[in-house]
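Chemist: generate coordinates for the sequence data below:
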Amino acid sequence: MATSELSCLLAEENSERREAFWAEWKDLTLSTRPEEGCSLHEEDAQRHETYHRQGQCQALVQRSPWLVMRMGILGRGLQEYQLPYQRVLPLPIFTPAKVGATKEEREETPVQLRELLALETALGGQCVDRQDVAEITKQLPPVVPVSKPGTLRRSLSRSMSQEAQRG
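Modeler: Below you'll find the model as predicted:
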């Protein structure tokens, strides 16, 4: 199956506003593939001859950065599809508040953030269930340094593993 691809590259720069834009995408893909239901197979047993021919078609796929995809068979027209919008990042991109804006022009603080700030202010920066690091590390099992991957298995004897199972 032969395939040809055409890529597009777009670059703009505005030095006055110190802005730049750059985009690259795979625009056009033309591939040759066997055509379904278009094959011919003949056999002549007396002459010991066979003839086989498979029809081919050129599939065309065109993509654009505006989430439009056109696809179909070359010469038969293309079907256009509007792809669904998908955010690249899991969260919306943070946009800072306008610098130099007055208090009235700024957006309100979200409710969740206001509640969190109020809780922190009420606690006075102190955690109610706070523990020292030394107390937390006392509760952890001792750390055994391992120099080689096989030494840990050899160091645990059968009696130690039985004790561990018993609890």
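Chemist: got the residue ranges for the strands in the protein?
Modeler: Ranges of strands in the chain, per DSSP state E, are 3-14, 19-44, 49-63, 68-73, 78-82.
Chemist: tell me the angle the second one makes with strand 49-63.
Modeler: Counting by axes from the mean of the first three to the mean of the last three CA atoms, to 10 degrees, strand 19-44 lies at 160 degrees to strand 49-63.
Chemist: could you do the fourth one as well?
Modeler: What separates the directions of strand 68-73 and strand 49-63 is an angle of 170 degrees, with the same axes, to 10 degrees.
Chemist: give the pairing partners of strand 68-73; include direction for each.
Modeler: According to DSSP bridges, strand 68-73 forms sheet pairs with strand 49-63 (antiparallel), strand 78-82 (antiparallel).
Chemist: quick one: which of the ones you listed is nearest Met71?
Modeler: strand 49-63 (4.6 Å; CB to CB). C-beta: built from backbone N, CA, C; applies to glycine.
Chemist: just the CA atoms of that closest one, as PDB, please.
Modeler: The C-alpha coordinates for strand 49-63 follow below in PDB (Å, rounded to 0.1, in the frame of the first residue of the first chain):
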ATOM      1  CA  GLU A  49      -3.200 -20.800 -16.200                       C
ATOM      2  CA  THR A  50      -4.500 -18.500 -13.600                       C
ATOM      3  CA  TYR A  51      -5.300 -14.800 -13.700                       C
ATOM      4  CA  HIS A  52      -5.900 -12.600 -10.700                       C
ATOM      5  CA  ARG A  53      -6.500  -8.900 -10.700                       C
ATOM      6  CA  GLN A  54      -7.400  -6.700  -7.600                       C
ATOM      7  CA  GLY A  55      -9.000  -3.300  -8.100                       C
ATOM      8  CA  GLN A  56      -7.300  -0.400  -6.300                       C
ATOM      9  CA  CYS A  57      -8.600   2.900  -5.100                       C
ATOM     10  CA  GLN A  58      -7.000   6.100  -3.800                       C
ATOM     11  CA  ALA A  59      -8.200   7.000  -0.300                       C
ATOM     12  CA  LEU A  60      -7.900  10.700   0.500                       C
ATOM     13  CA  VAL A  61      -7.900  12.200   4.100                       C
ATOM     14  CA  GLN A  62      -7.600  15.900   4.600                       C
ATOM     15  CA  ARG A  63      -7.300  17.400   8.100                       C
END
